[in-house]
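S.K.: Sequence and predicted structure are below.
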Amino acid sequence: MNPEQQAQIATYLQSQLPVTGELAFKAFKGGASNLTYSVTDDAHEWILRTSPPGTKAQGAHNMQREHDLLKHLHPGFPLCPEVVLLCQDPAVFDRDFYLMKPIHGLIIRQQLPDVYQGADLGDLCEELIGVHHRLHQAPIAALQHLNKGQGYIERQISGWIHRYQQVAPEKDLAPPVMQWLRQHQPADQRSYTLIHNDYKFDNVVFDPLDQASIIGVLDWELTTIGDPLMDLGCSLAYWIEAGDSDHLKQMSMMPTHLPGMWTRDQVVQHYATISGQPIDDYRYYYVYGLFRLAVIVQQIFYRYERGQTDNPAFKPLGLVRDLMLQQALQQIA
C-alpha cells in the first residue's frame, strides 16, 4: 500500500470514524495470505485487513466473507475480533478492505516469550484446547450460508488431493498417503460445527496480565462449517512434540516440543474429555492435517521453482513438504 493509497483511505476513514488527528499506517510483517495494517490516530487504533494485489484464485481473499463472518459471530463468540466497517468502493481503494478493533496481548510464535520462562506450559495447552472446543460450540444459526451440507470429509479429501495433483513434484512421496486417506474415510455422521481451519498458538492472543488466559482468536479467513475433528487434525499437523525427529523440531512453527508442553495424545484426549466425543484413533485426522499442510507448502514451492516468486524463504519448502509426508507415512505404516 503506497502513500497515495494510504492518503485516499485516510480521507475515507475520516468521513466514517471519530478520527482525531492524522492517520498513520503500519504493516504487520509475517503471514503469507491477506495483508494486515495497524491504523492509528492520536487516540484510536484500528486493524485494516485487505487482500494482496494481483490475480486471485476464485473464492480466495474474500474480505466481505471475512467481515460478515466476524460480524455475525462476535455476539456469540466474543473472542473473535469486532468489525467496524467494510469498504468496497474502488474509488477509495482498488481492493475491498475492512476495519476491526485490535486485540492487544501476548502471541506465542516460534520462540516462547520470556514471560513464560518457568511457567507451567501445560496450562497454556489446556487453555488452547479449551478455547478450540468453545469455538466448536459457537452459535452458527446466522452462518448457515457456509454449510454445504453432508459430505464435508469427502469434499476435503478429494479437494486437497486434486490440488496436490496439479502441482505434484517429480519425486513424489504422497501417493500412498492419498490412497490411504481415500480408503479410510470415517463415517460422516458427526454434527457439524464452526471450524477455524488454522487454529494454533500463533493465531490466539493471551492476556498480558493473566498469561494463561486467551482473550482473542485471529485469522478467520479459512473458517467454515464442517467436522470439528477435521479441524482438530489441521491443528495437530502443526504440533511438533518432544519425541519427534530433530528435523521436525527444526521446522516447528511453535514451541510445542519444549519440556512441559503436551504431546499430541494429551491434546486429543483433553479435547475428547471436554467435548464428550470419544476419539479412540485420531490417526486419520492427523494424517489429513499433515497432507493438507504438505499441499499448501507444495503449492508455494511449485511457484518458487517456476520463478513465479523469488522469496528466498521458500527455497527449503520442498524439504518441509517431504517431512510432512514422511510423518504421515509413519502414521499409516
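M.R.: Thanks, I have it.
S.K.: and the closest residue in space to D231 that isn't next to it in sequence, bridged to which residues?
M.R.: Nearest non-adjacent residue to D231, counting by Cβ to Cβ, 6 or more residues apart in numbering: I195, 3.7 Å away. The C-beta positions use only the backbone N, C-alpha and C, and glycine is treated the same way. Counting by DSSP bridges, I195 is bridged to T224.
S.K.: which ones are touching Y116?
M.R.: 108, 124, 211 (Cβ atoms under 8 Å, 6 or more residues apart in numbering).
S.K.: centroid residue for the protein?
M.R.: Centroid-nearest residue in the chain: D198, 2.4 Å away (criterion: Cα atoms, centre = their mean).
S.K.: got a pLDDT number for it?
M.R.: On pLDDT, D198 comes in at 96.
S.K.: now it, what's its secondary structure?
M.R.: Going by DSSP: H, G, I helix; E, B strand; the rest coil, the secondary structure assigned to D198 is coil.
S.K.: ok, it touching T224?
M.R.: No. The pair D198 / T224 is not scored as a contact, 11.3 Å apart, by Cβ atoms under 8 Å.
S.K.: where do the helices sit along the chain?
M.R.: Per DSSP state H, the chain carries helices over the ranges 3-16, 63-73, 121-136, 152-167, 175-183, 228-237, 246-250, 264-275, 283-305, 317-332.
S.K.: what residues does the first one touch?
M.R.: Just to be clear, that refers to helix 3-16. Helix 3-16 is contacted by residues 1, 19, 22-23, 25, 39, 46, 48, 85, 87, 89, 92-94, 97, 99 when judged by Cβ under 8 Å, 6+ apart.
S.K.: distance of the closest residue to Y164 other than its chain neighbours from A313?
M.R.: Excluding the flanking residues, the one nearest Y164 by Cβ to Cβ, 6+ apart is V295, at 4.6 Å. Using Cβ to Cβ, to the nearest Å, we find V295 at a distance of 19 Å from A313.
S.K.: Mind checking which of those two has more residues around it?
M.R.: V295 (23 against 10; other Cβ atoms under 10 Å).
S.K.: For the more buried one, list the residues it contacts.
M.R.: 160, 163-164, 167.
S.K.: Equivalent analysis for S51, please.
M.R.: When contacts are counted by Cβ under 8 Å, 6+ apart, S51 touches 34-35, 60-61, 63, 95-96.
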